[in-house]
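Asks: can't give you the sequence, but here's the structure:
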């Protein structure tokens with residue numbers, strides 16, 4: 001009804017919140033299931049039939065679309081806070097690099113550990129920048145697993161309206177595994193809201209999985225981490241090689257010494 005303009009934004013949100021209230025029973029599975037309607041409801045205020053292409057930059061994506069969804073999906077409990085971050089985590093991360101978003105778990109009213117990191121790019125992202133963002137997520141997750149002794153860390157990369165969720169776990173002392181979970185396409189207009197309904201099962205699984213990320217009973221083993229500088233060096237060499245190829249193509253008769 002909402003996407004066909006038969007009911008207002010407020011009426012649609014009220015209906016979803018009412019549904020969530022009815023589902024919040026004593027059983028844990030039912031309580032967990034109530035997160036999905038709330039996650040969908042959180043997007044409704046931003047779903048307007050307007051041409052916002054000139055505004056769709058990383059700031060708009062982060063504030064209007066990504067944060068409301070993640071806040072409702074992963075931080076339903078009172079001890080979790082999702083926030084944009086410009087601080088260096090105290091887990092051994094390179095001082096020149098920091099995540100742009102994280103979910104923090106509090107213990108005794110104080111920040112204790114992080115269970116989720118995010119990298120976000122606007123619509124005009126390059127393959128190289130997305131790969132660098134993916135690698136950054138892996139480093140943040142690995143260091144947090146070791147520093148906070150966690151069973152795993154959830155990550156997600158937002159590339160325009162596409163959000164891909166990953167998880168890193170430490171299945172044995174000599175291995176860290178980074179696994180892709182699911183990719184969803186966030187709707188930006190009322191006409192596209194129904195597309196999100198096809199991802200409700202996946203969103204619910206993400207919410208349930210996130211609740212399982214806790215401190216491990218056994219200490220996690222520390223292993224060396226490939227530095228950001230290595231990736232930056234590889235990126236620089238790639239750019240130099242590309243420039244060299246472009247020069248050779250534009251100057252076919254030149255000789256490289």
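Replies: Nice, thanks for sending it over. Note that the structure is a prediction, hence the values are computed from the model and not measured. Numbering: from 1, shown residues only.
Asks: gap between residue 219 and residue 146?
Replies: Using CB to CB, to the nearest Å, we find residue 219 at a distance of 9 Å from residue 146. (Each C-beta comes from the backbone N, C-alpha and C, glycine too.)
Asks: looking at these two, which one has more neighbours?
Replies: Each of residue 219 and residue 146 has its neighbours counted (other CB atoms under 10 Å); residue 146 has more, 19 against 9.
Asks: isn't that one right next to residue 220, touching?
Replies: Yes. If you go by CB atoms under 8 Å, residue 146 and residue 220 touch, sitting 5.0 Å apart.
Asks: where do the contact lists of these two overlap?
Replies: Jointly contacting residue 146 and residue 220 under the rule CB atoms under 8 Å, 6 or more residues apart in numbering are residue 170.
Asks: for the stretch 151-257 of the chain, which segments are assigned as helices?
Replies: For the stretch 151-257 of the chain, helices defined by DSSP state H, counting those that start in this stretch occupy the ranges 193-197, 200-211, 228-250.
Asks: lowest average pLDDT across these?
Replies: If you rank the helices of the stretch 151-257 of the chain by mean pLDDT, helix 228-250 sits at the bottom with a mean of 55.
Asks: show the contacting residues for residue 115.
Replies: Listed by CB under 8 Å, 6+ apart, the contact partners of residue 115 are 74, 80, 103, 104, 105, 150, 153, 154, 210, 213.
Asks: identify the farthest-apart pair in the residues you listed.
Replies: Across the contacts of residue 115, the longest distance by CB to CB is 14.7 Å; it joins 74 and 150.
Asks: returning to that earlier point: for the contacts of residue 115, pick the one with the most neighbours.
Replies: If you count neighbours using other CB under 10 Å, the busiest of those is residue 153, which has 29 neighbours.
Asks: and the contacts of residue 115 as JSON lines, adding distance to residue 66?
Replies: Below are the contacts of residue 115 laid out as JSON lines (distance: CB to CB, whole Å):
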{"residue": "74", "distance to residue 66": "11"}
{"residue": "80", "distance to residue 66": "16"}
{"residue": "103", "distance to residue 66": "12"}
{"residue": "104", "distance to residue 66": "17"}
{"residue": "105", "distance to residue 66": "20"}
{"residue": "150", "distance to residue 66": "23"}
{"residue": "153", "distance to residue 66": "18"}
{"residue": "154", "distance to residue 66": "14"}
{"residue": "210", "distance to residue 66": "15"}
{"residue": "213", "distance to residue 66": "19"}
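Asks: so which strand or helix has the residue lying closest to residue 158 once chain neighbours are set aside?
Replies: Distance criterion CB to CB, 6 or more residues apart in numbering; nearest residue to residue 158, sequence neighbours excluded, is residue 120 at 4.3 Å. Here residue 120 sits within strand 110-121, counting by DSSP states H and E.
Asks: list the buried residues for that strand?
Replies: Across strand 110-121, burial judged by 16 or more other CB atoms under 10 Å covers 113, 114, 115, 116, 117, 118, 119, 120, 121.
Asks: who does the helix or strand following that strand touch, helix- and strand-wise?
Replies: For strand 110-121, the succeeding helix or strand toward the C-terminus, using DSSP H and E, is helix 127-148. In this structure, helix 127-148 packs against strand 110-121, strand 152-159, strand 162-172, strand 175-185, helix 228-250, with contacts taken as 3 or more CB pairs under 8 Å, 6 or more residues apart in numbering; DSSP states H and E.
Asks: in this structure, which helix or strand is least confident?
Replies: Taking mean pLDDT, DSSP states H and E as the measure, the chain has helix 28-33 as its least confident helix or strand, at a mean of 32.
Asks: does residue 177 touch residue 152 like I think?
Replies: No. When contacts are counted by CB under 8 Å, residue 177 is not listed as touching residue 152 (9.2 Å).
Asks: what is in contact with those two at once?
Replies: Overlap of the contact sets of residue 177 and residue 152 (by CB under 8 Å, 6+ apart) consists of 168, 169, 170.
Asks: where does the prediction get shaky in this protein?
Replies: Low-confidence segments of the chain, defined by pLDDT under 70: 1-65, 86-97, 122-123, 188-196, 228-257.
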